[in-house]
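J.: with the sequence up front, the predicted model follows.
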Amino acid sequence: MKKTSSTAVLLLLTASLAAACGSDSGGKTAASSSPSAKASAAPSGSPAASAAPQSDKTVTIRISLVESEISKDDIAAFEAANPTIKIVREDVTATKLAAQIATGEAPDIIRVNGVQELPSFVIKGVALDLSPYFQKSTLLKADDILPVADVYRFDGKNVGKGPIYGFPKDWSPDFSIWYNKKLFAAAGVPEPDAKTPMTWNQLFDLAKKMTIKSGDNVTQYGLVKPNLLEADLSSIMDYTLSKGVKLSTDDYGQIDFTKPAAKEALKLWGDAVKGNYGPNSVNNFDKGVADVDLFLNGKAAMIQRGYWFSSRIRTNDNTKTHLDDYVMIPAPVAEGGQRVSPTGSATGAIINKASKHPEEAWKVFEWYFGSKPAEDRAKTGNGVPALKHLMAAMPQATNFDKQTYAALQEELKYGDKYLEINPFLLNAGTILSKHLNPYYFDKSSLDEAAANITKDSNIIIAEAKNAAASGK
């Protein structure tokens, strides 16, 4: 791989990391050589399940997980069992991390959004190929890993193929729908089928029926999703994935939003905005109010969120006393498309290829993803574990838990495909907003919007590829 200049790394990774920040948390069935895992012969909670590094000197492993993702108690337990390794957790912004990577000072273990960031880290030579480590792992074995882990595979052209570079700490089928039964009953609208996925057209028709107004003011939205109810890159790519259409060329050198499937997606979201079915730029919605809060406060009938959202419903003061009012149903499909239920994030980590202590970094990595911390995460229901044997630890006590868990198991059957992400398409959100807002306000046509998005996207892609190629 051609070495990339520090300037190019900073440019590309800053934009790619910033674009993925704030994301919430499918894949191909793992082959026998895939890094999957079942319960090891050693106690699953034991940090010392792997052979200790051969060193008499204390080694510090820096890790960029956020504070809520790794407890001080867990770190203390690991260090007690591994006295030659010290873990230091660091808070890093996207800009700081990109600068650290460019100067060779990044943490040993780097928190990564597998869907949106992994290809960029691989292309830039930041991610260490972990295939040899997984093949020898006593905690992360091939027959126990769920297919979603393959989102951390990348062969330079295809996500899900090639070496494995990381692992998800938790994830969800992020395009699933949740609805509030009481609001449907109050509106006299039949509830959606909990087992058969709606098409996007059917979902938006239902959202229209469940949008309630008082004069010109919306008092209840029909549907909300992360950020505004507008087209974003993930939503477009979910639709084109269902249609079996790829927008980028194989070398990621160009992308085409004028393809019929992309324009179908843009029109659907445009109609949703113009119909005012959810918070959007046209209705000047207060962006300080989160979609989650609208749903939990009974101001939205449906929300598009992953399985992890069940944890919020269980613990929220407005919802935890009547859990049976909330139902998780399948992700919608494109008109004439195949059923898919991909992850939009799969947050996890990679090991920095520049780490001076890769063996010790792997020991920490393996412990975090395959031992007690992983078991504790599974018990919360705040995301889906990547290890099959941890499924049994997920919440299944109440009727709410049982319905949600059953819905999840069905969605997992359709999680074997990945969103298309062009690693050179930086600031896609800005490009989409620039050209879709005039379309939402009827100041431009759909064809004009799609053509302009394509034009600006390809300029950005060309600049990013040139920056990456300029390194000596």
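T.: Done, it's in.

J.: how about the closest residue to M328 other than its chain neighbours, what does it touch?
T.: Spatially, and ignoring its direct neighbours in sequence, M328 is nearest to A407 (4.3 Å; Cβ to Cβ, 6 or more residues apart in numbering). Bear in mind the C-beta positions are built from the backbone N, C-alpha and C, glycine included. By Cβ atoms under 8 Å, 6 or more residues apart in numbering, the residues touching A407 are S176, A194, Y307, V327, M328, I329, P330.

J.: rerun at 10 Å
T.: A407 is in contact with P173, S176, I177, W178, A194, K195, Y307, S310, V327, M328, I329, P330, counting by Cβ atoms under 10 Å, 6 or more residues apart in numbering.

J.: likewise for D325?
T.: Per Cβ under 10 Å, 6+ apart, neighbours of D325: Y179, N180, K181, K182, L183, F184, A185, G298, I313, T319, F400.

J.: do you know how far the fourth one is from P438?
T.: With distances defined as Cβ to Cβ, to the nearest Å, the gap from K182 to P438 amounts to 39 Å.

J.: A397 - how many residues pack around it?
T.: Around A397 there are 7 other residues, counting by other Cβ atoms under 10 Å.

J.: where along the stretch 1-150 of the chain do the strands fall?
T.: Ranges of strands within the stretch 1-150 of the chain are 59-63, 85-89, 109-113, based on DSSP state E, counting those that start in this stretch.

J.: now tabulate the ones you listed in JSON lines and tack on mean neighbour count.
T.: Formatted as JSON lines, these follow (neighbours: other Cβ atoms under 10 Å):
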{"stretch": "strand 59-63", "mean neighbour count": "20"}
{"stretch": "strand 85-89", "mean neighbour count": "18"}
{"stretch": "strand 109-113", "mean neighbour count": "25"}
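
J.: and M328, its phi and psi?
T.: Dihedral angles phi and psi of M328 (degrees, to the nearest 10) take the values phi -100, psi 130.

J.: same question for G298.
T.: Taking degrees, to the nearest 10 as the convention, G298 sits at phi 70, psi 20.

J.: neighbours of it, how many?
T.: 15.

J.: do the one 5 residues further on as well
T.: Applying other Cβ under 10 Å, we find 23 residues neighbouring I303.

J.: which SS state does A407 fall under?
T.: Secondary structure, DSSP: H, G, I helix; E, B strand; the rest coil: A407 is helix.

J.: what about it, distance to K413?
T.: Note on A407: its distance to K413, by Cβ to Cβ, is 11 Å.

J.: just R312 next, same as before
T.: Distance from R312 to K413, by Cβ to Cβ: 25 Å.

J.: for F424, which non-adjacent residue is closest in space?
T.: Closest residue in space to F424, ignoring its immediate chain neighbours: A464 at 4.0 Å, by Cβ to Cβ, 6+ apart.

J.: swap in F204?
T.: Closest residue to F204 apart from its sequence neighbours, by Cβ to Cβ, 6+ apart: A272 at 5.3 Å.

J.: so the one you found sits in a helix?
T.: Yes - assessed with three-state DSSP, A272 lies in a helix.

J.: before I go, just wanted to say thanks for your time.
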